[in-house]
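[1] I'll drop the sequence and a predicted model, then ask my questions.
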Amino acid sequence: MSPVLPRPAVVLDAAAARAARQAHEERTDALTAAHRARKARGEKHPVEDFLFTYYPVSPARLRRWHPGWGTAYEAAADRGADGTPTIADVDEQGRRSWYVDLPGEPQRRRADVGRFLTERADALGFMTRLLRASSLTNRRPEFGCFGLHEWAMVHGLRPGEQRHEDLPLRLGQAETDAVVERENLICSHLDAFRFFTPTSAPRNALRPTRARQVELDNPACLHVGMDLYKWAAKLTPLVPSELVLDCFEHARATRVLDMEASPYDVRPLGYGVVPIETPAGKAEYVRRQRDLAVAADALRGRILAALAGLPAHGD
């Protein structure tokens, strides 16, 4: 049986929906312009490419506008004056993927919540539990990792084996290894820990697994904050595209600290250095980490608020 859904809180007419879509597309195009230009030239960027490789959301997919499940809009906004579709995810019959048309005139459409709750119920439940558990309200943040996950990913490697082979190690391999060996590794994030080298993984105090992710995700962790972009993208079309782009921008800002505190020398790319092997560097890392954690928690709250009111949305 399909869930009984509340009536849309907002209904956009065709003109308002077209304007909202255009604003979203222009914002997306500006955010992805440099990446698209580099890709056309066959160039790589070890900092910003992360947002399009680790998180497999293409610029084209990111560009698709979704108002969120609580908003409906006139279906005419998806077609031109001649009646032909004007957006990529509408077929020749005018049906939009992951949307349903509502009865009445003019024809309106909204996100297909029933299909999402049927086909992605387990994923929705997992994401909801994870977001709630990893909030600053429900879990004390831990600020003692100092971004050492990136260092652990190169520990004990030989020349040419690093993930970012075009970037030199700022301290060289021997001193990089020494930093890992004298510091405490306390990484709690599964998708960072799984890239630890065979020599660094046993040094980590925790053994993160997918089954323990809800238990272990730390609200201060840079990767947990960046992952909000992943969860928002996976929750499309239930959450509005504006929120997805806000999470994208947060992930990009967080990635800068992630790489400035890494063992790689990113100064040739125009970034700075956070020398976490020194007391001053550790202090700077924690200061910026705290600011990012607060910003991430605000986004986390907005995602959960966007899901509020869904029937059995993960409870």
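    Done, it's in.
[2] Please make it C-alpha for all contacts and neighbour counts, starting now.
    Fine.
[3] show me the contacts for residue 138.
    residue 132 (C-alpha atoms under 8 Å, 6 or more residues apart in numbering).
[4] Tell me the pLDDT of it.
    According to the prediction, residue 138 has pLDDT 97.
[5] how much space is there between residue 303 and residue 236?
    Residue 303 is 11 Å from residue 236, where distance means C-alpha to C-alpha, to the nearest Å.
[6] Find residues that contact each of the two.
    Joint contacts of residue 303 and residue 236 (C-alpha under 8 Å, 6+ apart) do not exist.
[7] Which residue ranges of the stretch 101-250 of the chain form strands?
    108-111 (DSSP state E, counting those that start in this stretch).
[8] show me where it has helices.
    Using DSSP state H, counting those that start in this stretch, the helices of the stretch 101-250 of the chain run over residues 113-119, 121-133, 149-152, 172-182, 190-193, 213-216, 222-234, 241-260.
[9] Bridge partners for residue 11, pull those for me.
    Assessed by DSSP bridges, residue 11 has beta-bridge partners residue 72.
[10] Neighbours of it, how many?
    The number of residues packed near residue 11 is 18, by other C-alpha atoms under 10 Å.
[11] show me the contacts for it.
    Applying C-alpha under 8 Å, 6+ apart to residue 11 gives the contacts 71, 72, 73, 74.
[12] if we go to 7 Å?
    71, 72, 73 (C-alpha atoms under 7 Å, 6 or more residues apart in numbering).
[13] Now residue 306: closest residue in space that isn't a chain neighbour?
    Excluding its sequence neighbours, the residue lying closest to residue 306 (C-alpha to C-alpha, 6 or more residues apart in numbering) is residue 239, at 5.8 Å.
[14] and the one you found, how many neighbours?
    25.
[15] I'd like the numbering to begin with 12 instead of 1 from here.
    OK, 12 is where the count begins now, so the last one is residue 250.
[16] what's it sitting at in phi/psi?
    With angles defined as degrees, to the nearest 10, residue 250 sits at phi -100, psi 150.
[17] thought it was touching residue 81?
    No: applying C-alpha atoms under 7 Å as the test, residue 250 and residue 81 come out as separate, 8.7 Å apart.
[18] Burial check on residue 183, number of neighbours?
    Neighbour tally, residue 183, other C-alpha under 10 Å: 12.
[19] just residue 232 next, same as before
    26.
[20] try residue 86
    Neighbours of residue 86 (other C-alpha under 10 Å): 22.
[21] Contact partners for the spatially most central residue of the chain?
    By C-alpha atoms, centre = their mean, the chain has its centre lying nearest to residue 240, at 1.9 Å. When contacts are counted by C-alpha under 7 Å, 6+ apart, residue 240 is found next to 255, 258, 259, 262.
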